[in-house]
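Asker: Sequence plus predicted model, see below.
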Amino acid sequence: MKVLIADDEPLAVARLRQALACIPEVELIAEARSGDEALRLIRQFKPDVVVLDIEMPGLDGLAVAARLRPTDPLPEVIFVTAFTHHAVQAFELDAADYLTKPFDFERLRAAIRRAKGRLEARHSDQRFAELQTLVVSLQQASGPSAYETEIWVRRSDGLHRQPLEEVDHILAQGDYVELHAGGVAHLVRDTISALEQRIDPARFVRCHRSVIVNLSFVRGMRRRSGRKLVLTLTDGREILVGPSHIDRVTLAMKVRPWRQS
């Protein structure tokens, strides 16, 4: 039985690797450190089972499962998380398994055995329908967003709350970031990498090592001189997408991968 694990924490990956090595029928075929990579490797390696961390940079585990299509290889999914606010009762749907960190090896072995039984008993259409139902249930049961929705910014008359939904893009400025909203830039002491981990990846996507863009403000995209991709914001501003970020951006925008002609 082919297994893929997806977790951004090296220690968690090492623990999963060690636990899976003790299960004779399991073959570990790939490891992913982000949701985007997990989705790509699922399509590439077609695993039978995916052990999928819910909290990961970029696409989270729920977003990965939600983006699987009926035409994709459809593995059984064992969700893993360090947080208990994801509703365990949603698994009364009997659609997958759920492990809360730290879990013991026997609990993982039981989850693998359960996934194997389900794999043998269900055809792909049924697995797809159950997985999508599970994702919706978890998203509805997760309660308030765990991501930041506003940031305090300093203005001439003091501190003010800046709703992140009004921020069209974020620029890195060393140990600071610039939040651009309504044509005004607010300088905040924070790093772009740290901020990226705290804001909603379904709305904000890193499109360059120094730029995060709010997808709600992207009105178009075009290719420029080869494989370069340029995003056009609602105010007409153009933002160049870094080569290593093109696949992530096009996936987040739900368009076909941008290929060089």
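Answerer: Happy to help now that I have it. All values reported here derive from a predicted model rather than from experimental measurement. Numbering: from 1, shown residues only.
Asker: May I have the secondary structure class of the residue nearest to residue 178 when sequence neighbours are not counted?
Answerer: In this structure, residue 178 finds its nearest non-sequential neighbour in residue 171, 4.3 Å apart by CB to CB, 6 or more residues apart in numbering. For the C-beta atoms, the positions are set from N, CA and C on the backbone; glycine is no exception. In three-state terms, and counting by DSSP: H, G, I helix; E, B strand; the rest coil, residue 171 is strand.
Asker: Quick check: residue 79 vs residue 53, distance?
Answerer: Here the criterion is CB to CB, to the nearest Å. By it, residue 79 lies 8 Å from residue 53.
Asker: What sits closest to residue 210 if chain neighbours are left out?
Answerer: Here the residue nearest residue 210, using CB to CB, 6+ apart, is residue 172, at 4.0 Å.
Asker: How is this protein partitioned into domains?
Answerer: Under the assignment automatic domain parsing, the domains of the chain span 2-141, 150-252.
Asker: can you pull out the helices in the stretch 101-250 of the chain?
Answerer: 105-121, 124-141, 192-196, 246-252 (DSSP state H, counting those that start in this stretch).
Asker: dump the residue contacts of residue 248.
Answerer: Shown in contact with residue 248 (CB atoms under 8 Å, 6 or more residues apart in numbering): 36, 58, 205-207.
Asker: before we move on, what about residue 254?
Answerer: Residues near residue 254 by CB under 8 Å, 6+ apart: none.
Asker: that older thread, restricted to strands, list the contacts of residue 248.
Answerer: 205-207 (DSSP state E).
Asker: Point me to the residue sitting farthest from the middle of this protein.
Answerer: No residue in the chain sits farther from the centre than residue 157, which is 37.9 Å out by CA atoms, centre = their mean.
Asker: ranges for the strands of the stretch 151-261 of the chain?
Answerer: 158-163, 169-173, 176-181, 184-189, 204-208, 211-214, 218-224, 228-233, 238-241 (DSSP state E, counting those that start in this stretch).
Asker: What is the last one packed up against?
Answerer: To tie it back to what came earlier, the one meant is strand 238-241. The contact analysis (3 or more CB pairs under 8 Å, 6 or more residues apart in numbering; DSSP states H and E) places strand 238-241 against strand 204-208, strand 228-233.
Asker: Grab the CA positions of it and hand them over as CSV.
Answerer: The C-alpha coordinates for strand 238-241 follow below in CSV (Å, rounded to 0.1, in the frame of the first residue of the first chain):
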residue,chain,number,x,y,z
GLU,A,238,1.0,45.5,-12.0
ILE,A,239,2.9,42.9,-10.0
LEU,A,240,5.4,40.5,-11.4
VAL,A,241,5.1,36.9,-10.2
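Asker: Identify each buried residue in that strand, please.
Answerer: Residues of strand 238-241 classed as buried under the neighbour-count rule (16 or more other CB atoms under 10 Å) are 239, 241.
Asker: quick revisit: quick check: neighbours shared by residue 79 and residue 53?
Answerer: With CB under 8 Å, 6+ apart as the test, residue 79 and residue 53 both reach residue 61.
Asker: Mean neighbour count, the helices and strands packed on strand 238-241: which tops it?
Answerer: Mean neighbours per residue, mean count of other CB atoms under 10 Å, is largest over these for strand 204-208, with a mean of 22.
Asker: Partner strands of that one and their direction?
Answerer: When pairing is defined by DSSP bridges, strand 204-208 lines up against strand 211-214 (antiparallel).
Asker: Need the ones in strands among the contacts of residue 248 in TSV (columns: pLDDT).
Answerer: Output for the ones in strands among the contacts of residue 248, formatted as TSV (pLDDT from 0 to 100):
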residue	pLDDT
205	92
206	93
207	93
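Asker: for the residues you listed, which one is nearest residue 252?
Answerer: Checking the ones in strands among the contacts of residue 248 against residue 252 by CB to CB gives residue 205 as the nearest, at 4.6 Å.
Asker: Thought residue 216 was touching the closest one, still the case?
Answerer: No: here residue 205 does not reach residue 216: they are 10.9 Å apart, not a contact under CB atoms under 8 Å.
Asker: Thanks a lot, see you next time.
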